[in-house]
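Engineer: okay, here's the prediction I keep looking at, along with the sequence it came from:
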Amino acid sequence: MSQVLHFTTILWLIFLHSFSPKIETIAQTKRISYPVVDRDDTIVNTREDVKVPNPYKWMQEVESAKVKNFIALENNLTSTYLTQISPTDSKIIKRIMKKYEHEAFLLFSCPVKAGDRYFMHEMHDDLVFMKKDLKSKPVVILSTNWTENSKDLRIYDVVPSHNGDIVAVSFECNYDHGGNSYKFLNTKTKEFHADVIVNVTNVYWLRLFDHFHTSNPLVWGNDNSGVYYMSHSMKPGTINKEKVETLKNISYIFYHQMGTNQSQDIFLGVANINKEAPGISGLVLSDNGKYLIVTEYSEIEQNRHIQQDRWTIIQYFDLCPTAKSGDSSCKPTAESTPKLIPLLTDKNHIYKFLGNKEKNFYILVQDHIFSYDIFEVNLAKPEEKNWVTVISQSSTGGILTFAHIVHSKYLVTSHKSMVDSTLEVRKIGDIGNVKQIPLEHGVITGFSTNKKDSTFIFNIHSFFSVGATYTINLCKLDKTAPKHFQLPGHTDDPFRTKLVTERKEYEGAEGKMHPILVFYPKGTKKDGNTPTILFISTNPSPYDKTAQLFVPFMETFYGAVALATIPTHGSSANPPTEMTLQNLDSAINYLIENKYTRSTQLTVATGASGLSALLATSINQNPKKYGAVIFVHTERDLDSTRFGNDKASIEHYLKISPIHNVNLPTDTKVQYPAIFIADNGHSNTMKYVAELQYKLGSSTQQTNPILAMFHMPNIPMDPSISMEELEAQQFSDMFSFLALSLRYKVYTDEAK
């Protein structure tokens with residue numbers, strides 16, 4: 001979803017700031033004159049003997065001059081309509097969006113404590129920050145602007161040494177030839193060491209597989225003098241000449257001693273058990289520095305769905321066979337290399353290494369997203385019959401998002417339920433005593449630990465903020481609460497302190513209850529008159545780009561925002577079922593019946609794949625339910641007939657397909673809602689817009705506007721306008737559309 005919105009924002013620049021045919025300004029009382037579009041009713045597609053009308057077939061040639069002209073006409077029509085907003089309202093909307101625009105783009109990695117310092121990577125501006133302590137001001141220690149050819153460089157990974165003196169930084173991600181390259185920054189001098197490591201396993205793919213984010217393709221040794229890393233090249237220091245399939249390539253494990261050339265790196269072993277069908281592998285150094293754990297992930301795990309044929313394998317190196325813990329002598333040499341020891345190789349299970357206490361490894365075994373077991377596995381007798389159960393849990397509190405052993409003493413677990421996380425701490429040896437850490441509204445999106453103490457740091461991402469970070473000392477849980485970790489660029493916003501969250505449920509199909517969240521400013525009256533926007537999703541996430549609209553919408557219109565989970569009863573990519581339509585109808589009814597809003601004040605929005613078809617189908621069937629509708633990136637969803645595989649299914653889908661069932665309501669007092677579509681120029685979306693305007697636009701019954709903004713293919717983005725400005729413009733236009741079409745009042749600061 002986020003990638004989609006970043007892509008579609010290009011359209012705002014292209015047509016608001018470039019060429020296109022001119023349309024005369026529309027007076028607010030004047031009817032909209034929609035473009036006349038070629039339509040040929042004789043064109044049909046025949047599938048399994050079913051005739052499917054395709055009157056706008058020419059739109060499938062998306063790069064043709066004819067399609068580009070249609071897009072230009074539609075975008076100019078929308079731009080002209082939006083000029084009707086009063087200068088005062090426009091200024092307020094733009095000021096509010098400007099207030100949030102840069103913060104909305106800030107995306108921080110979870111800070112990592114290394115030595116007595118904290119390190120973090122801000123991924124939008126590509127900056128690496130360091131804080132000397134929790135109270136000090138963060139300073140920038142690295143920016144791609146400081147490097148040669150910075151235009152072509154991005155920072156992909158930041159790995160500080162345990163003492164914080166050096167940071168390993170990956171500057172590029174070579175998808176075709178195997179992976180990342182790392183350089184090493186001295187955090188005191190801000191200069192790079194001579195060491196460079198190339199062809200390290202692609203960190204991006206590893207992150208997709210290891211959704212706990214506990215392993216890495218490169219980790220520091222215990223004494224900070226070298227690193228262990230994974231490579232797809234058997235010869236260290238070389239780039240593969242042939243294209244590498246990252247997910248199907250052998251992973252080789254090496255040790256690099258700082259101050260040496262990569263060609264001298266020591267080969268330790270091959271990570272893959274099955275070399276004919278290898279997965280992707282990551283590394284973890286145990287807290288005591290004695291063990292290097294190698295986890296291999298099967299390819300199917302990239303989907304993050306628990307399936308029977310998904311598997312992980314765990315092996316390890318004992319770096320110090322004669323010692324209880326790691327020290328400076330526990331590193332490989334050319335004469336003496338440790339042996340890779342298989343530990344958990346049964347492909348019927350999914351294993352996660354959580355941590356260890358000396359020879360006892362704590363392993364999570366997960367066969368379903370709602371249930372898991374944690375076992376203590378002794379390396380001296382690793383057979384399953386000898387495993388000791390630490391926790392056996394079938395969770396009703398949501399999906400397990402991570403589990404980790406901290407400082408060999410504490411087990412920390414987190415579960416996600418809709419858009420909230422829980423955080424629980426148990427002490428090893430006293431597992432039954434669970435400490436619940438109080439959290440603000442939001443989802444934990446990252447965490448980090450320190451090998452030398454019991455510091456635990458975590459990020460929370462919510463619909464009220466783009467991220468808040470907290471740190472807590474697990475040894476002092478009874479005495480202290482989590483401390484707020486101020487991130488660069490984030491400011492305290494007084495308006496956010498006025499917001500209220502209600503967690504409710506609505507009764508959907510077959511009497512089942514589904515979650516719905518409602519946010520609104522304090523003092524909002526439940527009298528049915530509040531401007532409200534309902535976002536529908538199958539899996540709500542604060543990372544969705546539409547989530548950036550929540551607080552600005554409430555501040556602009558002093559309105560309410562609702563977020564409803566709409567179960568699809570099958571794949572969300574398929575056309576809507578009667579049960580799914582009923583769920584959407586029930587969510588809307590809940591808001592109206594409980595006096596949050598009324599139909600004429602309700603906007604429903606979606607950017608989720610599959611739900612665009614649901615929303616469009618619902619509009620065709622019951623248009624008076626809505627005041628306005630906003631679609632963001634509808635893609636192929638709007639022609640449901642493409643899903644049919646036989647005559648019966650195609651005939652069924654033809655009866656509900658949004659494109660093929662637009663009709664003026666028979667009740668002359670009913671019209672379609674105001675419709676705003678932002679899309680990247682997919683042919684089915686253009687067909688939908690053309691059909692809406694053709695069937696409805698000429699009727700005096702339809703006074704609500706039907707407008708769209710499209711991206712014209714193959715026109716470059718103006719480099720003088722930032723992505724923040726483009727996206728702020730996109731959201732400003734949406735708000736202007738709602739202010740005009742539904743007469744939402746734009747509030748001044750004094751009115752609030």
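Structural biologist: Nice, I can see it. Numbers count the residues shown, from 1 in each chain.
Engineer: so what sits opposite residue 402 in the bridge?
Structural biologist: residue 414 (DSSP bridges).
Engineer: the residue nearest to residue 126 when sequence neighbours are not counted: neighbouring residues, count only.
Structural biologist: Distances taken as C-beta to C-beta, 6 or more residues apart in numbering place residue 144 nearest to residue 126, at 4.7 Å, with adjacent residues excluded. Every C-beta, even on glycine, is put in place using the N, C-alpha and C of the backbone. For residue 144, the neighbour count with other C-beta atoms under 10 Å is 18.
Engineer: got it, and residue 409?
Structural biologist: Neighbours of residue 409 (other C-beta under 10 Å): 15.
Engineer: show me what contacts it?
Structural biologist: Residues in contact with residue 409 (C-beta atoms under 8 Å, 6 or more residues apart in numbering) are 357, 427, 428, 454, 474.
Engineer: how close does it get to residue 431?
Structural biologist: Residue 409 is 12 Å from residue 431, where distance means C-beta to C-beta, to the nearest Å.
Engineer: go on, residue 480?
Structural biologist: Relative to residue 431, residue 480 is positioned 22 Å away (C-beta to C-beta).
Engineer: what comes up buried for stretch 353-364?
Structural biologist: Judged by neighbour count using 16 or more other C-beta atoms under 10 Å, the buried positions of stretch 353-364 are 353, 354, 355, 356, 357, 360, 361, 362, 363, 364.
Engineer: actually stretch 531-540, sorry about that
Structural biologist: 531, 532, 533, 534, 535, 536, 537, 538, 540.
Engineer: tell me the contacts of the third one?
Structural biologist: Residue 533 sits next to 549, 553, 559, 560, 561, 562, 602, 603, 604, 605, 630, 738 when contact means C-beta under 8 Å, 6+ apart.
Engineer: re the thing from before, give me the more crowded residue out of residue 480 and residue 431.
Structural biologist: residue 431 (13 against 10).
Engineer: looking at the more buried one now. What's its pLDDT?
Structural biologist: Residue 431 is assigned a pLDDT of 80 by the prediction.
Engineer: now for it: which residues touch it?
Structural biologist: Taking C-beta under 8 Å, 6+ apart as the criterion, residue 431 is in contact with 390, 391, 411.
Engineer: the residue nearest to residue 126 contacts residue 128, correct?
Structural biologist: No - contact criterion C-beta atoms under 8 Å: residue 144 and residue 128 do not qualify, at 9.6 Å.
Engineer: need the residues touching each of those two.
Structural biologist: Contacts common to residue 144 and residue 128, judged by C-beta under 8 Å, 6+ apart, are residue 155.
Engineer: quick revisit: which of the contacts of residue 533 lies closest to residue 223?
Structural biologist: Top of the list for closeness to residue 223, among the contacts of residue 533 and by C-beta to C-beta, is residue 549 at 49.5 Å.
Engineer: please identify the helix or strand for the residue nearest to that closest one when sequence neighbours are not counted.
Structural biologist: Nearest residue to residue 549, sequence neighbours excluded (C-beta to C-beta, 6+ apart): residue 731, at 5.9 Å. Residue 731 is part of helix 723-741, with elements assigned from DSSP states H and E.
Engineer: contact partners for the residue nearest to residue 450 when sequence neighbours are not counted?
Structural biologist: Excluding the flanking residues, the one nearest residue 450 by C-beta to C-beta, 6+ apart is residue 113, at 4.3 Å. By C-beta under 8 Å, 6+ apart, residue 113 lies in contact with 448, 450, 453, 455, 457, 471.
Engineer: could you rerun that using 7 Å?
Structural biologist: 450, 455, 457 (C-beta atoms under 7 Å, 6 or more residues apart in numbering).
Engineer: same check, this time on residue 93
Structural biologist: 556, 732, 735, 736, 746.
Engineer: got the contact list for the third one?
Structural biologist: When you say that, I think you mean residue 735. Applying C-beta under 7 Å, 6+ apart to residue 735 gives the contacts 93, 556.
Engineer: just to revisit the earlier point, of the contacts of residue 431 - the most surrounded one?
Structural biologist: residue 411 (22 neighbours).
Engineer: determine the three-state secondary structure at residue 224.
Structural biologist: Here residue 224 is recorded as coil under DSSP: H, G, I helix; E, B strand; the rest coil.
Engineer: so it makes contact with residue 159?
Structural biologist: No - contact status for residue 224 versus residue 159: not in contact, 11.6 Å apart, counting by C-beta atoms under 7 Å.
Engineer: okay, the residue nearest to residue 450 and residue 189: tell me how far apart.
Structural biologist: For residue 113 relative to residue 189 (C-beta to C-beta), the value is 21 Å.
Engineer: so, low pLDDT: which residues of the stretch 1-150 of the chain?
Structural biologist: For the stretch 1-150 of the chain, applying pLDDT under 70 flags the ranges 1-30, 101-106, 145-150.
Engineer: ok, now with 90
Structural biologist: For the stretch 1-150 of the chain, the stretches flagged by pLDDT under 90 are 1-31, 47-48, 62-63, 90-111, 116, 120-127, 132-138, 143-150.
Engineer: can you give me the helices for it?
Structural biologist: Secondary structure of the stretch 1-150 of the chain (DSSP state H, counting those that start in this stretch): helices located at 2-8, 10-16, 65-82, 87-105.
Engineer: same question, the chain
Structural biologist: Ranges of helices within the chain are 2-8, 10-16, 65-82, 87-105, 203-209, 550-557, 578-593, 611-621, 647-656, 683-696, 723-741, based on DSSP state H.
Engineer: could you dump these into TSV with distance to residue 496 added?
Structural biologist: Shown next, in TSV, are the helices of the chain (distance: least, C-beta to C-beta, whole Å):
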stretch	distance to residue 496
helix 2-8	21
helix 10-16	26
helix 65-82	28
helix 87-105	10
helix 203-209	30
helix 550-557	6
helix 578-593	22
helix 611-621	28
helix 647-656	41
helix 683-696	34
helix 723-741	17
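Engineer: which of these sits closest to residue 707?
Structural biologist: helix 65-82 (4.3 Å).
Engineer: in the protein, what residue sits furthest out from the centroid?
Structural biologist: Farthest-out residue of the chain from its mean C-alpha position, per C-alpha atoms, centre = their mean: residue 335, at 46.2 Å.
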